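Chemist: Here is a sequence with its predicted model. Questions after.
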Amino acid sequence: AGVNRLQEMQLSDGGWGWFSGWGEQSTPHTTAVIVHGLQIAKQNDAALIPGVLERGVEWLKQYQNEQLRRLANVDEAGNPIDKNKQYKRFADNIDAMVYMVLADADVKNDTMRDRLYKDRTKLAVYGLANFGLALHKQHETDKLAMIMRNISQYVVEDNENQTAYLNLPQNIWWYWYGSEFEANAYYLKLLAAVEPKSAVAPRLVKYLINNRKHATYWNSTRDTAL
């Protein structure tokens, strides 16, 4: 039922947004979340309408290419080269999520990979975990090792309670990449893939279980699913 509902909500350009029909506008975060969900559905043998997932992947590819064009329109000092065209100074968290989803679709973009790696200090832990999962899938061991070190700086272990969690900045909580539960869940996915015998992983599990606010779920359907 969930898969069918999502397929019905796909917009004419292949992406997803808040509304369909007149004034429809696909957004990268919503599209990435839904394509990721459909990928998981397909892995679990849910029937998808032919072309739905492929069109979503194509929308994300086009989005990624547009972001690379904007990143290329900036000089070494961070100033726009052509002020009549859009630009941005750093690869960001949505770029990392889109990169992860496209990696799961076996789409490789070395230019975005290298740019995300270069700008990794600008990424939230959530974005770093997304990027790390993609690097693991692509067997980029050296870059992945650095990302794991970058994330480990945020890990706090509570020996008394035998838990571990990510110490996230308090000023980003209202952004999607500031979600405490989602960030911890993605880091747990990364640890389970890269370091399955990690002593931190079971402590993360205990922390997440202990911090359910409603006994059986967390704050939203999305963080509960993750």
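Modeler: Alright, I've got the coordinates.

Chemist: Heading C-terminal from the top helix by length along the chain, find the next helix or strand.
Modeler: Identified as the longest helix of the chain according to DSSP state H is helix 52-72. Following helix 52-72 in sequence order, the next helix or strand is helix 93-104 (DSSP states H and E).

Chemist: Could you list every helix and strand in contact with that following helix?
Modeler: Secondary-structure packing of helix 93-104 (3 or more Cβ pairs under 8 Å, 6 or more residues apart in numbering; DSSP states H and E): helix 28-43, helix 52-72, helix 110-118, helix 125-137. Where C-beta positions appear, they are placed from N, C-alpha and C, glycine not excepted.

Chemist: buried set for the longest one?
Modeler: Under the neighbour-count criterion of 16 or more other Cβ atoms under 10 Å, helix 52-72 has 52-53, 55-60, 63-64, 67-68, 71 buried.

Chemist: Repeat that for stretch 13-33.
Modeler: Under the neighbour-count criterion of 16+ other Cβ under 10 Å, stretch 13-33 has 14, 15, 16, 17, 26, 28, 29, 30, 31, 32, 33 buried.

Chemist: Quick one: mean pLDDT for that stretch?
Modeler: Averaged over stretch 13-33, pLDDT sits at 88.

Chemist: next one: stretch 143-152
Modeler: Averaging pLDDT along stretch 143-152 yields 98.

Chemist: what helix or strand is residue 157 on?
Modeler: Of the helices and strands defined by DSSP H and E, residue 157 is found in strand 155-158.
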